[in-house]
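Participant: sequence plus predicted model, see below.
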Amino acid sequence: ILLAIHHQKQKSGIAWIDLSSARFHLMELTEDNQLQAELIRLQPSEILLQEASSFYETCSNYTVKTRPGWEFSADSAHALLKEQFK
């Protein structure tokens, strides 16, 4: 499972894909303990975080890769999802 986390305005969004089945999921979380519970449940192989993310400590037990902030832009994500899923 490859998982990405984005935090904005008291909420966190997670998106993950199970590469073995190509299933894609999205979830919005309102509390940090929900994020911990989902990480434990999903056991991702890799987590993608924005460079300025505050979740490094939360994800310390996982392989984490940082990505530039523009990759987490809502406009960019919306366009890419529309293109991918038609």
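Facilitator: Received the coordinates, thanks. Numbering: from 1, shown residues only.
Participant: for this protein, what spans make up the helices?
Facilitator: 32-42, 74-85 (DSSP state H).
Participant: could you export those as a markdown table, including mean neighbour count?
Facilitator: C-beta here means a position set from N, CA and C on the backbone, and glycine is covered the same way. Listed next are these as a markdown table, based on neighbours: other C-beta atoms under 10 Å:
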| stretch | mean neighbour count |
| --- | --- |
| helix 32-42 | 14 |
| helix 74-85 | 10 |
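Participant: ok, L3 touching R41?
Facilitator: No - if you go by C-beta atoms under 8 Å, L3 and R41 don't touch, sitting 11.0 Å apart.
Participant: quick one, what contacts the nearest residue to L29 once chain neighbours are set aside?
Facilitator: Leaving out its chain neighbours, the residue that sits closest to L29 by C-beta to C-beta, 6 or more residues apart in numbering is S12, at 4.5 Å. Residues in contact with S12 (C-beta atoms under 8 Å, 6 or more residues apart in numbering) are I5, H6, E28, L29, T30, D32, Q34, L35, F55.
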